[in-house]
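> Provide a 3D model corresponding to the input given below.
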Amino acid sequence: MDADIIELQTRLAFQEESILELSDVLARQQREISALTTKLELLQQQIELLAESGAAEEEPPPPHY
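Down below sits the predicted model:
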């Protein structure tokens with residue numbers, strides 16, 4: 001009986017450690033996703049500004065053509 005309890009306690013300890021590790025990974029990934037989302041929004045704004053300013057229009061070929 002004592003061996004079974006020790007086995008369960010050991011398993012519980014490993015599971016708790018695994019849950020903490022997974023929680024840390026999840027938090028880190030969420031921070032990365034938030035940072036990437038912010039960067040994506042900035043890029044979208046820059047693209048919109050370029051499109052509005054007409055900078056995205058095709059330039060004429062250089063004179064040597």
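
> give me the low-pLDDT residue ranges for the chain?
55-58, 65 (pLDDT under 70).

> Please enumerate the strands of it.
Listed from the start of the chain, the chain has no strands (DSSP state E) to report.

> Next, work out how far apart residue 24 and residue 30 are.
Relative to residue 30, residue 24 is positioned 11 Å away (criterion: CB to CB, to the nearest Å). From N, CA and C alone the C-beta is placed, and that goes for glycine too.

> what's the burial count for residue 51?
Taking other CB atoms under 10 Å as the neighbour definition, residue 51 ends up with a count of 11.

> and residue 18, how many neighbours does it have?
Residue 18 has 10 neighbouring residues, counting by other CB under 10 Å.

> Over to residue 42?
Neighbour count for residue 42, taken as other CB under 10 Å: 10.

> Now do the residue most central in space within the chain against residue 49, distance only.
Most central residue of the chain, judged by C-alpha distance to the mean C-alpha position with CA atoms, centre = their mean, is residue 33 at 2.6 Å. Taken as CB to CB, the spacing of residue 33 relative to residue 49 amounts to 25 Å.

> Now do the helices for the protein: every range, in order, please.
Using DSSP state H, the helices found in the chain span residues 2-53.

> distance of residue 18 from residue 7?
17 Å.

> And for residue 25?
For residue 25 relative to residue 7 (CB to CB), the value is 27 Å.

> Also residue 44?
In this structure, residue 44 lies at 54 Å from residue 7, with CB to CB as the measure.

> before we move on, what about residue 22?
For residue 22, the distance to residue 7 - CB to CB - is 22 Å.

> try residue 36
For residue 36, the distance to residue 7 (CB to CB) stands at 43 Å.

> Next: residue 30.
Going from residue 30 to residue 7 by CB to CB gives 35 Å.

> again, but for residue 38
Plainly put, residue 38 is 47 Å away from residue 7 if you go by CB to CB.
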